[in-house]
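Colleague: Got a predicted model here, sequence first, then my questions.
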Amino acid sequence: MNRHNTPLRYPGGKQRLAPFVIEVLRLNRLAGGHYVEPYAGGAGVAIHLLLTKQVQHIHLNDSSPAIYAFWRSVQRKPDDFCRKIAAASLTVEEWRRQRNILKNPRQFSQLDLGFSLFFLNRCNRSGIPNGGLIGGLGQQGRWKMDARFPRNELIRRIEAIAANRKQMTITNLDAEAFIRSCVPQLPRRTLVYCDPPYFHQSDRLYLNYYKPSDHVRLASTIQRHLKRPWLVSYDNVLEIRKCYGRRRCVFCKVQYNAARVYTGTEIFFVSDGLRLPDKLAGSGPVAAARVSSDTL
Ligand SMILES: C[S@@+](CC[C@H](N)C(=O)[O-])C[C@H]1O[C@@H](n2cnc3c(N)ncnc32)[C@H](O)[C@@H]1O
């Protein structure tokens, strides 16, 4: 699955896990239902599922006002958004202007804010908001700021999403509030995939981040209050494994492209009763073992 459907770049973006999620949907008779990402970010899996019609409706929630503004603009004003892409001037001066919008969100419209998030995501190193401009301010690097800004392809992705905009619900809540207040209203045939900020390094990668105590509280909210089938993914660290101690989990090898390329292991925890593919090794990037709690 080489073709990217989401217009946003995310280090560790999850679109490549879509085949695994599709298999989980199928095995649990959840295909054709609703699919939820409380930490949407670039929503790589959700957009893939929607565009390939694996699910009927997606719910994207993110507490970042800029990410919310991006998705709402794509949903409500796709033509204006695409016009902005077509007309964007790829200069350092424009990059500074867009950075100023992202830093002062209240002074600008939702469309301007959403576009600034998109512009910086496409022009910054690894898509990181504070990552610095590709090619540097002097534009002397091997790659220049337009290296990740293929206008026609990005417009294609926005138009494809906009064609399905009635099947998207977008919210701007804290994930735990969303899990408690919105998820219970959804049909039984719903799968929730939580991709919270990583335990390590999340302050550098994202606009907002979690302290260790936030991860512990989230684990409790998910395991006590989330009454729909769920998956949670994390960087594979002891502190997180302890939070989900008795849950079944699968490991997944991932390649990160933030600043340097390196391979790490992510871990997925799953709700009780959710059926998993027998041969995980055959499910694309979901690599190897299923472990029980005593191996943690
Ligand atoms: C790991 S990223 C999600 C990446 C996404 N799965 C993808 O494929 O692009 C985490 C996202 O969670 C959002 N976030 C951080 N804290 C949050 C919170 N308390 N509630 C909701 N969203 C939050 C961040 O803004 C960020 O977009």
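Modeller: Cool, got the structure.
Colleague: the strands in the stretch 101-250 of the chain, which residues?
Modeller: Secondary structure of the stretch 101-250 of the chain (DSSP state E, counting those that start in this stretch): strands at 168-171, 190-194, 230-235, 249-256.
Colleague: Report the next helix or strand after the longest one in sequence order.
Modeller: Next in sequence after strand 249-256, counting helices and strands by DSSP states H and E, comes strand 262-270.
Colleague: What strands line up against that following strand, and which way round?
Modeller: strand 230-235 (antiparallel), strand 249-256 (antiparallel) (DSSP bridges).
Colleague: so residue 270 sits right up against residue 244, yeah?
Modeller: No. At 9.4 Å, residue 270 and residue 244 do not qualify as touching, with contact defined as CB atoms under 8 Å. C-beta here means a position set from N, CA and C on the backbone, and glycine is covered the same way.
Colleague: so what sits against both of the two?
Modeller: residue 232 (CB atoms under 8 Å, 6 or more residues apart in numbering).
Colleague: thinking again about what came up before, okay, the strands of the stretch 101-250 of the chain in JSON lines with mean pLDDT next?
Modeller: JSON lines is the format used below for the strands of the stretch 101-250 of the chain (pLDDT from 0 to 100):
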{"stretch": "strand 168-171", "mean pLDDT": "98"}
{"stretch": "strand 190-194", "mean pLDDT": "98"}
{"stretch": "strand 230-235", "mean pLDDT": "94"}
{"stretch": "strand 249-256", "mean pLDDT": "78"}
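Colleague: Redo the ones you listed as a markdown table? Include mean neighbour count and distance to residue 220.
Modeller: Formatted as a markdown table, the strands of the stretch 101-250 of the chain follow (neighbours: other CB atoms under 10 Å; distance: least, CB to CB, whole Å):
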| stretch | mean neighbour count | distance to residue 220 |
| --- | --- | --- |
| strand 168-171 | 19 | 22 |
| strand 190-194 | 22 | 13 |
| strand 230-235 | 23 | 12 |
| strand 249-256 | 19 | 17 |
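Colleague: Can you lay out those strands as a markdown table showing distance to residue 54?
Modeller: Output for those, formatted as a markdown table (distance: least, CB to CB, whole Å):
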| stretch | distance to residue 54 |
| --- | --- |
| strand 168-171 | 14 |
| strand 190-194 | 10 |
| strand 230-235 | 15 |
| strand 249-256 | 19 |
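Colleague: between these, which gets nearest to residue 135?
Modeller: Nearest to residue 135, of all those, is strand 249-256, at 21.0 Å by CB to CB.
Colleague: do that closest one and the ligand meet at all?
Modeller: No. Applying CB under 6 Å from any ligand atom, one finds strand 249-256 out of contact with the ligand, separated by at least 11.3 Å.
Colleague: Can you show me the CA trace of that strand as CSV?
Modeller: C-alpha atoms of strand 249-256 as CSV (Å, rounded to 0.1, in the frame of the first residue of the first chain):
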residue,chain,number,x,y,z
CYS,A,249,-0.8,-7.1,22.8
VAL,A,250,1.0,-7.3,19.5
PHE,A,251,4.4,-5.9,18.6
CYS,A,252,5.1,-4.0,15.4
LYS,A,253,8.4,-2.9,13.9
VAL,A,254,8.3,0.6,12.6
GLN,A,255,10.7,2.9,10.8
TYR,A,256,10.7,6.5,12.0
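Colleague: starting at the chain centroid, how far to that strand?
Modeller: 15 Å (CA atoms, centre = their mean, to the nearest Å).
Colleague: So what's the model's average confidence on stretch 23-42?
Modeller: Averaging pLDDT along stretch 23-42 gives 97.
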